[in-house]
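**Student:** No sequence on hand, only this structure:
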């Protein structure tokens, strides 16, 4: 099929590239001319394992191209995907201006019947707004091209997005038009060679709701386990053992019940707020989901509070080694990362920071922490140690899993580790002479 993907952010770039990998002719469109020029040269603006070689392979095969010209991309288009950002507004709602603007542009430039797919994460009812925007523009042009708006939410995990797209655990299609549903089913068929059971069809509004509910459910598991961890500390229990005890129950499972420093990223914080806002707009108070957000806000400072309890409120003259800045491993994404809040809390008390992350250094230095003084960015995890009073682990990158603890002990001013991801064995570290602080255990 001939596909147009509008928006070359995380979702648009991954989706367009994976569709091209399956032999479709894909044109990715963006208004950022420099980004498009870089992409046509094979320069990828984000870090996602496996994405860069796939982009370059499909550029060479002429199955993937990048342009700023939406009109040209729609000339022979079968399906147009809207994959632009829906940033969080001041009131917590999703800002739909970019989605609606794109819908109007589609109505302005479409040349024939078309399936328009909302790939962006959007609130319930957005498909209706997209349809209205397209219809109004077609009316202005005096055209009556047929079109259908489909909801096709993405469920990609940053750091494993290529695998998620190529081997999906499910694809959700929301459509009120049987012909559009069948067209989309054909598009996704190559991704389900053994069975189409994991392609789930439903009405548009249910599909829009599914995305928000999925992320809210996962965020709930995280906040629940973090709240349990905090209670464990108070009563003298070990949350690491509690996690194993409850995870063995198949109704609960082990996924998303690891205690830590809270969730971050582009999806969970934004989508939880948007769902709360949606409920509020319909005069319903989402108490449980609001609590999920409140617990997470508190959890981001638990490690900082442990550091203050150990070293005192005044951290003047103290230096801390930070291992990990991104909100999760295998990405350079720092949106709502706990590291931002922890570093600012320490610096505001007078501390200096020596930070290392395998991929997120530039994001931190150039954007998320650019106005925060007293941060030295290092080229390796061990470079952060000399002169530091403690090591603080905030992201569970693989290279942090089995460090040379003798090297840590030798280079730190004192052998102290604060583990925001509960990665290490507390008994072994204490036998080596470390003070070791975890989440959910005294």
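**Tutor:** Now that the structure is in, tell me what you want to look at. Since the structure is predicted, the reported quantities are computational estimates derived from the model, not experimental observations. Numbers count the residues shown, from 1 in each chain.
**Student:** Show residues contacting stretch 186-200.
**Tutor:** 1, 3, 19, 22-24, 79, 165-173, 185 (Cβ atoms under 8 Å, 6 or more residues apart in numbering). C-beta: built from backbone N, CA, C; applies to glycine.
**Student:** tally of neighbours for the residue nearest to residue 420 when sequence neighbours are not counted?
**Tutor:** For residue 420, ignoring the flanking residues on the chain, the nearest one in space by Cβ to Cβ, 6 or more residues apart in numbering is residue 261 at 3.9 Å. When neighbours are defined as other Cβ atoms under 10 Å, residue 261 has 30 of them.
**Student:** what about residue 261, is that helix, strand or coil?
**Tutor:** Classification of residue 261 by DSSP: H, G, I helix; E, B strand; the rest coil places it in coil.
**Student:** I figured it was touching residue 300, is that so?
**Tutor:** Yes: counting by Cβ atoms under 8 Å, residue 261 does reach residue 300; the two are 6.1 Å apart.
**Student:** Can you check which residues contact both of the two?
**Tutor:** Residues touching both residue 261 and residue 300 (Cβ under 8 Å, 6+ apart): 338, 342.
**Student:** Show the residue spans covered by the strands in the stretch 101-250 of the chain.
**Tutor:** Using DSSP state E, counting those that start in this stretch, the strands assigned to the stretch 101-250 of the chain run over residues 114-118, 147-151, 171-174, 199-202.
**Student:** and the second one, what other elements does it pack with?
**Tutor:** Contact partners of strand 147-151 among helices and strands, from 3 or more Cβ pairs under 8 Å, 6 or more residues apart in numbering; DSSP states H and E: strand 114-118, helix 126-141, strand 171-174, helix 178-188, helix 204-235.
**Student:** Kindly report the same for the first one.
**Tutor:** Based on contacts counted as 3+ Cβ pairs under 8 Å, 6+ apart, the elements that strand 114-118 packs against are strand 79-82, helix 97-109, helix 126-141, strand 147-151, helix 178-188.
**Student:** phi, psi of the closest residue in space to residue 341 that isn't next to it in sequence?
**Tutor:** Nearest non-adjacent residue to residue 341, counting by Cβ to Cβ, 6+ apart: residue 300, 4.4 Å away. The phi and psi values for residue 300, taken as degrees, to the nearest 10, are phi -60, psi -20.
**Student:** Please tell me I have it right and residue 300 contacts residue 339.
**Tutor:** No: using Cβ under 8 Å, residue 300 is not in contact with residue 339, being 9.2 Å away.
**Student:** between those two, which one's more packed in?
**Tutor:** The residue with more neighbours, out of residue 300 and residue 339, is residue 339; 29 against 23, by other Cβ under 10 Å.
**Student:** Surely the more buried one is in contact with residue 324?
**Tutor:** Yes: if you go by Cβ under 8 Å, residue 339 and residue 324 touch, sitting 6.6 Å apart.
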